[in-house]
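Enquirer: Dropping the sequence and predicted coords here.
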Amino acid sequence: MDQPLIQFIVIPLVKIVVILAVLLLIVAYLTFAERKILAYMQVRLGPNRVGPKGWLQPIADAFKLLVKEDLVPAKAEKFVFMLAPGLIIIPALLVWSVIPFAPDTTLFGLLKQPIPPYLTDINIGLLFLLGVSGVGVYGVILGGWSSNNKFSLMGGLRSAAQMVSYEVPMGFAVVSVILMAGSLSLVRIVQAQQEAHLWFFVPGILALAIYFCCGVAETNRNPFDLPEAESELVAGFHTEYSGMKFALFFLAEYANMLVIGSVVALLFFGGWLRPFPSWGWLGFLDIIPPFFWFAGKVAVVIFIYMWFRGTFPRYRFDQLMHIGWKWLLPLSLANVVIVALGVLLLKG
Amino acid sequence: MAGPLEPLFDVEEMELSFGPQHPATHGVLRVQLRLDGEKIMDAKPIIGYLHRGTEKLFERESFNQCIPHTDRLDYIAAPTNNEGFVLAAEKLLGITVPPRASYIRMILAELGRISSHVLWLATHAIDLGAITPFFYTFRERERILDLFEEYCGARLTLNAMRVGGLPYDLPDGWVERCSELIDSLPKYFDEYETLLTENRIWKKRTIGIGVISAEEAIDYGLTGPPLRGSGVRWDIRKVFPYDRYDEVEFEIPIGENGDTYDRYLVRMEEMRQSVRIIRQCLDRLPDGPVMAKVPKVLRAQEGIVYASVEAPKGELGYMFVTTAKSTQPYRCHIRPPSFINLQALPAMVEGHLVADLVAVIGTLDIVLGEIDR
Amino acid sequence: MTDEKKTPQPEEKPNATPAGDDRPAEAGAPAATPSAAPKATPPDEAAKAKAAAKAKEAAPPKQPWEEKPVPPVHEDAADDPDVAALREGVEGSVEGADRFAGQVTVAVPRGKIVETCRFLKEQRGFAFLVDLTAADWPEREEGRFDLYYWLHRFEDNRRLRLKAVVAEDQTIGTVSAVWKTANWMEREVYDMFGIVFEGHPNLERILTWEGFNGHPLRKDFPIEGIDTGAAIYPDVFPPGGGPETAEEEKEGA
């Protein structure tokens, strides 16, 4: 076989399949983890009937959603109704093409030369990530609008306003990291943290806080889960969705959570690096493969998400907007200025 | 800015039918909303989906046969429903209840109040997006219902009282188990409060929402926590003491601003006061019979009698109109607190957002079984 | 006027007349020493007990709950201060006053009810309308329905009941302008009895649906219910028929 064929077709295809499969599996078990964690926070046991200790529950859920009747409301805008779940799941999966979850590896000596386990590293990786994940909002709006249900419509409107307004401070929070790393490539950002002997959350603590807040809002999670606020809007934009289409919305939400978690880990906590990568005497920590460091960091972020859900009530819509525009946006702008000055003085 | 801005586009109001199948309307309440964006311009509660003709049924059943129907009014706190009914009947017939029966009634009623209030807290919190208190409160509610079950075999529809007393005495060991439960309750109430009382988001969602002044509350006929939240110190247990409420010590908590947060605090404190009442009742529980000497067939004379109790939701009253020698009420009217409290809903939500409607419905603590009867 | 002391707590206990006597016995016993209950007998009871002891020595005194119930009796309540004030304040408003189980009921003519309520609220401090309901006496000559207004005054926690007679073809003035709470109560009475309140802002059915055929709490409304006519969705189900049966559907198709 031709070398290019292998390099440009076979290897990426294998990677895509593996990444997708693993991702979907992780997402499925993320729902399980959420239910278990919430259960233990709420003095109950959580799912424990399907399989040993309930471990097959996500499989059963997925199977149930697959075989359920797929209802389309009679007066829905059928084409858009079908399109919306696709519009939301595709960006959620697409961003995984640029997320580097581990450095180049030989897969424990199986390969002759190390290859990157992630799909690709493009020099505008971060921009790509922000851009693609921003498309997800169309799925929500169109899903809400096409259902021909007033509650869905209000959910869609809410999330449109929410996602758009929270993307702005989110972008500015990311800009401060770009300034520190001097690159948009996610791999470069991690390497920059290694070279600086410092994880970026120390200088970028404010950026981290802003990014995390916005991330919660972007993924419609508690306390910013207004688009799907059950007690107000029944289920918000996905009220009318059932079966597999609902499952896609659900998958996208969790995949997006993973993206936010990964970006937090990559931008602020050194991605796959072990703690204090420059301290030699901590070398014994290298026994844990880099991927697991990355996964561990993401897991902590996800856990905090779930912790929020178990703790907080929900903000009201105007309060949410108030926070976004009157607090986070000025703060993130100020942060960019401060970081820029710092970078200029220290590096310049 | 001088004067309001002219809208650039045509503004159209949206009609939204909130309920009767909606997770936050606590049953089959339907609120017809006129919305401008998310702002509520007008709210019109539409009720009656659960109307079962309870008052009509009363008219042809004997006094004791009516009691199971009262369970189904406020199905969250059945003991107070029974209590109100039997008190009215006892007043009509001139029956004096033995002290032991009175005390047990008070214990049951206060347990019912706690179980109703924790359920209110659970649903109110979940309406505002905090899901965790729900599970904590249900843990305690379960134990209260276990006590009810042990006493009379039922958990919700207790049918636990009779005209003239109680059908059964307490089972062995019940007092100890009840005592153990109520000793542990204040600790659990603290647990709920750590989750909510000082929570910034909780405060933001409840302070200044659904404000109703004391005068307006009286004009709308509000009773119970909605009235007390507005600062009126008024509780049937104090002003017209029934059973032996004049022998126990307790405070009536009141709020200041008449907003959702104050009503929350009032109900939280009421639970603690209920614990206090139960503790005193258990300590003083006298010996003796639990049933007065009443005729086999209860025959009323002509007259009109009204008796009311402080149900968890407010003043629950029963009015009997009877004819001479009748064995059943000629007409029995129920004054359901939820029905009358709900009337203030449009005034309380106007100008608020949809999300606040949920908070106000929650804070009124309505039960549709009682509203629709 | 002598009743003024008693009346602030008319709701206190059943059997209003002997209540004053047996309260100490019940109240004292459980509070202090439950077992000593029979000993703590007030003088009144003791006198009764003495009489009983003549016939049967060493028989413990009977507690009130062991006796036969003492039903309350009707008394004339013309001496009630509120009734007297009402008689003076609104001319011809008091047709009679009755006290039963400590609760005063004033009969008010139909035409005077709004004026009376306004007077009681504004001059006598009855700021709170507790309840408003009706009863149906189909056979009665002077009018079929009794309307009951149950008022409350916060200052001394006193309650007063007004009663007005309304015949089937008559209407009565609304008090929803006096107390806002009367709005729904009157709607309920309208729904259940078909009494029309003049001047009511939105006199619609409240518990049954618009177009319900009949008034359920009238005595001639059968308890089993009647064919109410399917007027909920007249465009879907024709009135009078109820939901279509399967056969009819077949025919239609």
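Expert: Perfect, I can see it now. Please read all numbers here as calculations on a predicted model, not as lab measurements.
Enquirer: ok, now which ones touch the closest residue to residue B:212 other than its chain neighbours?
Expert: Nearest residue to residue B:212, sequence neighbours excluded (Cβ to Cβ, 6 or more residues apart in numbering or on different chains): residue B:258, at 4.9 Å. Where you see a C-beta, it was placed from the backbone N, CA and C, and this is true even at glycine. Counting by Cβ atoms under 8 Å, 6 or more residues apart in numbering or on different chains, residue B:258 touches B:211-214, B:217, B:229-231.
Enquirer: got those as a markdown table, with secondary structure columns?
Expert: Converted to a markdown table, these look like this (DSSP: H, G, I helix; E, B strand; the rest coil):
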| residue | secondary structure |
| --- | --- |
| B:211 | coil |
| B:212 | coil |
| B:213 | coil |
| B:214 | helix |
| B:217 | helix |
| B:229 | helix |
| B:230 | coil |
| B:231 | coil |
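Enquirer: Just give me the closest of the residues you listed to residue A:60.
Expert: In terms of Cβ to Cβ, no member of those lies closer to residue A:60 than residue B:229, at 46.1 Å.
Enquirer: Against chain C, how distant is that closest one?
Expert: To chain C, residue B:229 is 16 Å away according to Cβ to the nearest Cβ, to the nearest Å.
Enquirer: how deep is that residue tucked in, by neighbour count?
Expert: Counted with other Cβ atoms under 10 Å in any protein chain shown, residues neighbouring residue B:229 total 30.
Enquirer: re earlier: quick one, grab the pLDDT at the residue nearest to residue B:212.
Expert: We have a pLDDT of 85 for residue B:258.
Enquirer: contacting residues for the residue of chain C found nearest chain B?
Expert: Residue of chain C nearest chain B, by Cβ to the nearest Cβ: residue C:181 (2.9 Å). With contacts defined as Cβ under 8 Å, 6+ apart, the neighbours of residue C:181 are B:219-221, B:340, B:343, C:129.
Enquirer: Give me the pLDDT for it.
Expert: On the pLDDT scale, residue C:181 is placed at 88.
Enquirer: Now it. Nearest residue, chain neighbours left out?
Expert: What sits nearest to residue C:181 in space, not counting adjacent residues and going by Cβ to Cβ, 6+ apart, is residue B:221, at 2.9 Å.
Enquirer: picking that back up, for the contacts of residue C:181, give me JSON lines that also has neighbour count.
Expert: Shown next, in JSON lines, are those (neighbours: other Cβ atoms under 10 Å in any protein chain shown):
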{"residue": "B:219", "neighbour count": "21"}
{"residue": "B:220", "neighbour count": "26"}
{"residue": "B:221", "neighbour count": "29"}
{"residue": "B:340", "neighbour count": "25"}
{"residue": "B:343", "neighbour count": "21"}
{"residue": "C:129", "neighbour count": "26"}
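Enquirer: so of those residues, which ones are in helices?
Expert: B:219, B:340 (DSSP state H).
Enquirer: Pull up the per-residue confidence for the residue of the stretch 1-150 of chain B found nearest chain A.
Expert: Chain A sits closest to residue B:129 of the stretch 1-150 of chain B, with a gap of 2.6 Å, by Cβ to the nearest Cβ. pLDDT, residue B:129: 82.
Enquirer: Backbone dihedrals for it, please?
Expert: Here is the backbone geometry of residue B:129 (degrees, to the nearest 10): phi 100, psi 0.
Enquirer: Tell me how many other residues crowd the closest residue to it other than its chain neighbours.
Expert: Spatially, and ignoring its direct neighbours in sequence, residue B:129 is nearest to residue A:314 (2.6 Å; Cβ to Cβ, 6+ apart). Each residue near residue A:314 was counted by other Cβ under 10 Å, and the total is 27.
Enquirer: before we move on, what SS does residue A:314 have?
Expert: Applying three-state DSSP: residue A:314 is coil.
Enquirer: What residues does it make contact with?
Expert: Contact analysis of residue A:314 by Cβ under 8 Å, 6+ apart lists A:222-226, A:229, B:128-130, B:201, B:205, B:355.
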